[in-house]
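K.L.:
A predicted structure for the sequence below; I have some questions about it.
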Amino acid sequence: MRREPSILHVDLDAMFAAVEQRDKVSLRGRPVIVGGVAGRGVVATASYEARVYGARSAMPTSEARRRCPSGTAFLAPRFAAYRRTSQVFMAVLAELSPMVEQVSIDEAYVDLAAGGDHDLSPEAVTAIARKLKADVAAATGGVTASVGVASSKLVAKIGSELHKPDGLTVVPAGDERTVLSPMPVGSLPGVGPAAQERLRRAGVQTIGHLAAVELGYLLEWFGQAHGAGLYRLARADDDRGVVTDRETKSVSAEETFDVDLTDRARLYHELDLLARRVGERLRAAGLSGRTVTVKIRHYDFTTITRSLTRDQPTDDPQLVADYARRLLSDVNTSAGIRLLGVGVSTLTAYAQDDLFSSLVVPDGVVEEPVPQAQDASASASALASSLAPSPSPELATATWRPGQDVRHDEYGAGWVWGSGLGRVTVRFEGPLTPPGPVRTFAVDDAALHAADPPDWTS
DNA sequence: TCTGGGGTCCTAGGACCC
DNA sequence: TCTGGGGTCCTAGGACCC
C-alpha cells in the first residue's frame, strides 16, 4: 500500500453495448443485449437500460429475452469494433503514464507514480481522473469510463465499481479500510459464489467481518494461497505492482453446440476446426506449446479434460489435431456432447519444426490409426443427420426474419445462426442490411459443409 | 430453448529422482 | 532392509475473472 492514491483503475461502462449504441443511433436509450443470440447463448453485456429489467452478464440469453420488453435489441458481438475502441482507449491511458496494465479489452490499471511527474495529492489526482474520463469519452465517440483512484490495485478496482456508470471515486491514503469494511465480501476480487457461500456459513458477510477472522480459519477453509490472500485483502494490505506485460500461458478454443452431438465423425471434424484455430493463433503469436488438452462437456454439463505433454513444442494445427483426436478417442461420447475444446499450454516463445514427429512414438504409447477428416459429402450428411430425428428436405432450409437471431455486420457477409429451425447455419454471400422481407435460403450439401459456426473472435 | 468463450491460478495425487 | 523427505513434472479438476 502506498502513501498516495497513485493507482488508477479504469473500466469502460457496459462496453460492448455502449459501442453498439454509439454506432447505431436507433439503439440509444433502448435496452441492448450483446452476447450469444443462438439457443445456448449467454449475455456478454447488458446496457444499463436492459439492467433495469434484471438482465445481467452471464445470464442465458433466453432468460434475458423473457425479462426484457419487446423493442430490446439482441445483438451478436462485433469484436473487431470493440478491439478498435479498446486500442483508442489504451492509447489515451498511455498518454498519462508509461505504466499501463491492460487487464481485459475494457479495463486497465495506470500507475501515476511511474512517470509524468504527477502531483499525487487527492485534489490533483481527482482532476487528472476527471480529465481522463473526458478524454476517453471524446476519443471513443462517447463511450464512458468509470475510474477508481487509490493507493493499491485492490482499492482502485473497488473504487471504480462504486459509482458506475460514468463514476469517479478517489480514496485518500488512510481511508482504505473504512471504505472496504461495510462492503459485501463478494466485492473482493477472488471471492466468487463458492467462497461467498463458505463465508456466509461462518457468518461472514462483509469485508469488515472478514478482517476479524483469524488467519488459521481462512487457511483451513481456502487453502494456503487463497486463504493468506484473503487475509491480506480484507485488511487492504495489497502491494501488487502495475505490470505492463504478462506472458501468455495457454491458447485455446472451444465451442458449445446448438444441439448435443453423438456422431463420432462429426466430433472429430469439430475437433479439427478447433485445432486449426488454436494452431493459427499460436503461429500468429509466435508461440509453440508442449501440452495438448481436450475439454469435453457432456450433455449433463459434467466437464472433463484430458491432456498429454509432448517432448517437443509445436504450433502445427495438424499435430495438435492428431493428439486431440487421440485424447478424445478414449472418452465415451455416446450420451451426447455439449461442448468441445482444444487447448495448448506449456508454451515457449519460438516455433520449432517438428520434422520427425511422425516417426516418434512416445514411450508406452501404442500408435493407433488416427481418424481422418471427412470429405465434404460425409460432413454434410453427418450434419444433416444430426438435424432432427428424421432428416427431411425442408430441414435443409433456413428462414431468416429481419432483426431476429441475425448477426448483422456492415463490413461484409453476415450469418444466420440458429434462427427459425434452430440448427442450420447459413452463410450469406451478400450484406444483410437493410432489412427486407422474410427471405428463404435453400441449403445444399456444399453450403452445409461450408457452414462453420460464426467465429466470435474474428 | 439454463448455464459462452478465453483465460489465470491453485490444489492434490502419483511418478520419479536424489 | 519395512521405510525419509524434498523437489519437480504431469494430470485432472475447480474457482474465478472479464
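P.N.:
Nice, thanks for sending it over. This one's a predicted model, so the numbers in the text were calculated from it and none came from an experiment. Residues are numbered from 1 along each chain as shown, chains lettered A, B, ... in the order given.
K.L.:
mind giving me the domain split of chain A?
P.N.:
Here the domain assignment for chain A is A:1-172, A:181-234, A:250-373, A:378-449, based on automatic domain parsing.
K.L.:
Can you lay out those domains as a markdown table showing distance to A:Thr244?
P.N.:
No exception for glycine: its C-beta is placed from N, CA and C like everyone else's. Converted to a markdown table, those look like this (distance: least, C-beta to C-beta, whole Å):
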| stretch | distance to A:Thr244 |
| --- | --- |
| domain A:1-172 | 6 |
| domain A:181-234 | 20 |
| domain A:250-373 | 17 |
| domain A:378-449 | 32 |
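K.L.:
Among these, show me which one is buried the most.
P.N.:
Burial of the domains of chain A is given as mean neighbour count (mean count of other C-beta atoms under 10 Å); domain A:1-172 ranks first at a mean of 19.
K.L.:
pLDDT averaged over that one - what is it?
P.N.:
Average pLDDT, domain A:1-172: 97.
K.L.:
Compute the first-to-last residue distance for it.
P.N.:
Taking C-alpha to C-alpha, to the nearest Å, the first and last residues of domain A:1-172 lie 12 Å apart.
K.L.:
and that domain with DNA strand C, contact?
P.N.:
Yes: using C-beta under 7 Å from any atom of the strand, domain A:1-172 reaches DNA strand C at A:Ala58, A:Val103, A:Ser104, A:Ile105, A:Asp106, A:Glu107, A:Lys157.
K.L.:
May I see those organised as CSV, with distance to DNA strand B and secondary structure added?
P.N.:
Below are the residues of domain A:1-172 next to DNA strand C laid out as CSV (distance: C-beta to the nearest atom of the strand, whole Å; DSSP: H, G, I helix; E, B strand; the rest coil):
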residue, distance to DNA strand B, secondary structure
A:Ala58, 4, coil
A:Val103, 10, strand
A:Ser104, 7, strand
A:Ile105, 9, coil
A:Asp106, 11, coil
A:Glu107, 11, strand
A:Lys157, 15, helix
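K.L.:
quick one: which of the residues you listed is nearest A:Leu132?
P.N.:
Using C-beta to C-beta, A:Glu107 comes nearest to A:Leu132 of the residues of domain A:1-172 next to DNA strand C, at 14.0 Å.
K.L.:
Verify the stated contact: the closest one with A:Leu8.
P.N.:
No: the pair A:Glu107 / A:Leu8 is not scored as a contact, 11.2 Å apart, by C-beta atoms under 8 Å.
K.L.:
And the residue in the stretch 101-250 of chain A positioned nearest to DNA strand C, what's its pLDDT?
P.N.:
The stretch 101-250 of chain A approaches DNA strand C most closely through A:Gly192 (2.3 Å), counting by C-beta to the nearest atom of the strand. If you check A:Gly192, the pLDDT there is 96.
K.L.:
So it versus A:Thr305, what's the distance?
P.N.:
20 Å (C-beta to C-beta, to the nearest Å).
K.L.:
Work out for me the element A:Thr256 sits within.
P.N.:
strand A:250-261 (DSSP states H and E).
K.L.:
Could you give the average pLDDT over the next helix or strand after that strand?
P.N.:
Of the helices and strands lying after strand A:250-261 in sequence (DSSP H and E), the nearest is helix A:264-285. In this model, helix A:264-285 carries a mean pLDDT of 97.
K.L.:
Next secondary structure element downstream of helix A:264-285?
P.N.:
strand A:288-298.
K.L.:
Parallel or antiparallel, list what pairs with that following strand.
P.N.:
Sheet pairing here is set by DSSP bridges, and for strand A:288-298 it gives strand A:303-314 (antiparallel), strand A:337-348 (antiparallel).
K.L.:
any chance of the ones you listed in CSV, plus mean pLDDT and distance to DNA strand B?
P.N.:
As requested, the strands paired with strand A:288-298 are exported to CSV (pLDDT from 0 to 100; distance: least, C-beta to the nearest atom of the strand, whole Å):
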stretch, mean pLDDT, distance to DNA strand B
strand A:303-314, 96, 9
strand A:337-348, 97, 5
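K.L.:
A:Glu247: which of these is closest?
P.N.:
Taking those one by one with C-beta to C-beta, strand A:337-348 is closest: 7.8 Å.
K.L.:
can you tell me if that closest one touches DNA strand C.
P.N.:
Yes: judged by C-beta under 7 Å from any atom of the strand, strand A:337-348 comes into contact with DNA strand C at A:Thr346.
K.L.:
Would you mind getting the angle between that strand and helix A:264-285?
P.N.:
Going by axes from the mean of the first three to the mean of the last three C-alpha atoms, to 10 degrees, strand A:337-348 is angled at 30 degrees with respect to helix A:264-285.
K.L.:
Between strand A:250-261 and strand A:337-348, find me the angle.
P.N.:
170 degrees.
K.L.:
Mind pulling up the pLDDT for A:Ala349?
P.N.:
87.
K.L.:
Assess the claim that it and A:Pro313 are in contact.
P.N.:
No: contact status for A:Ala349 versus A:Pro313: not in contact, 9.7 Å apart, counting by C-beta under 8 Å.
K.L.:
need the residues of the stretch 251-400 of chain A near DNA strand C, please.
P.N.:
Contact residues, the stretch 251-400 of chain A versus DNA strand C (C-beta under 7 Å from any atom of the strand): A:Arg290, A:Thr291, A:Thr303, A:Ile304, A:Thr305, A:Arg306, A:Ser307, A:Leu308, A:Thr309, A:Thr346.
K.L.:
The same query, at a cut-off of 6 Å, please.
P.N.:
Applying C-beta under 6 Å from any atom of the strand, one finds that the stretch 251-400 of chain A approaches DNA strand C through A:Thr291, A:Ile304, A:Thr305, A:Arg306, A:Ser307, A:Leu308, A:Thr309.
K.L.:
Which two among those are spaced furthest apart?
P.N.:
Using C-beta to C-beta, the pair of these lying farthest apart is A:Ile304 and A:Thr309, separated by 17.4 Å.
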